[in-house]
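**Q** build me a structure from this.
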Amino acid sequence: MIIRSYIFPLIIFVMNTILLSTLMLEIIGVISANRGGLGFFVPLLSLLSFQFIRFEQRKRKKVSRGLSVLQAINAFTFVFPFVVLAIFLLSSL
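**A** You can find the predicted model right below:
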């Protein structure tokens, strides 16, 4: 049961890592400008994982340290694409 509660957030974490890496590679200029836009799906996936972990913690009435770490990573990956977008919008002014 504990392993099952970790699988879904870890799969989303791997997807977020891949999408954020494509976003960062596009910002640096290593890949073409067509692929990094998928990095803006990261907040949606982070929010989904965040809600799933919150539901699991409420259901178990116990806060797991590993799930708490994943919550912190989700918070970072939720905010980061918005910061990148804001920097690009402010730099174009």
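**Q** show me what the helix or strand of the chain at the bottom of the mean pLDDT ranking is packed up against.
**A** In the chain, no helix or strand scores lower on mean pLDDT, DSSP states H and E than helix 2-28, which sits at a mean of 81. Contact here means 3 or more CB pairs under 8 Å, 6 or more residues apart in numbering; DSSP states H and E; on that basis helix 2-28 packs against helix 42-60, helix 65-91. Every residue, glycine included, has its C-beta placed from N, CA and C.
**Q** angle of that helix against helix 65-91?
**A** 20 degrees (axes from the mean of the first three to the mean of the last three CA atoms, to 10 degrees).
**Q** where does the prediction get shaky in the protein?
**A** For the chain, applying pLDDT under 70 flags the ranges 1-2, 4, 33-37, 63.
**Q** go again with 50.
**A** Along the chain, segments meeting pLDDT under 50 are nowhere present.
**Q** quick one: buried residues of the least confident helix or strand of the chain?
**A** 5-6, 9, 12-13, 16, 19-20, 22-23, 26 (16 or more other CB atoms under 10 Å).
**Q** stretch 29-45 too?
**A** 36, 39, 42-43, 45.
**Q** that one spans what distance, first to last residue?
**A** Between the opening and closing residues of stretch 29-45 there is a gap of 25 Å (CA to CA, to the nearest Å).
**Q** residues in contact with it: which ones?
**A** 12, 15-16, 19-20, 22-27, 77-82, 84-85 (CB atoms under 8 Å, 6 or more residues apart in numbering).
**Q** what about 6 Å?
**A** 12, 15-16, 19-20, 22-23, 25-26, 77-78, 81 (CB atoms under 6 Å, 6 or more residues apart in numbering).
**Q** of those, which is the nearest to Ile53?
**A** Ile12 (9.7 Å; CB to CB).
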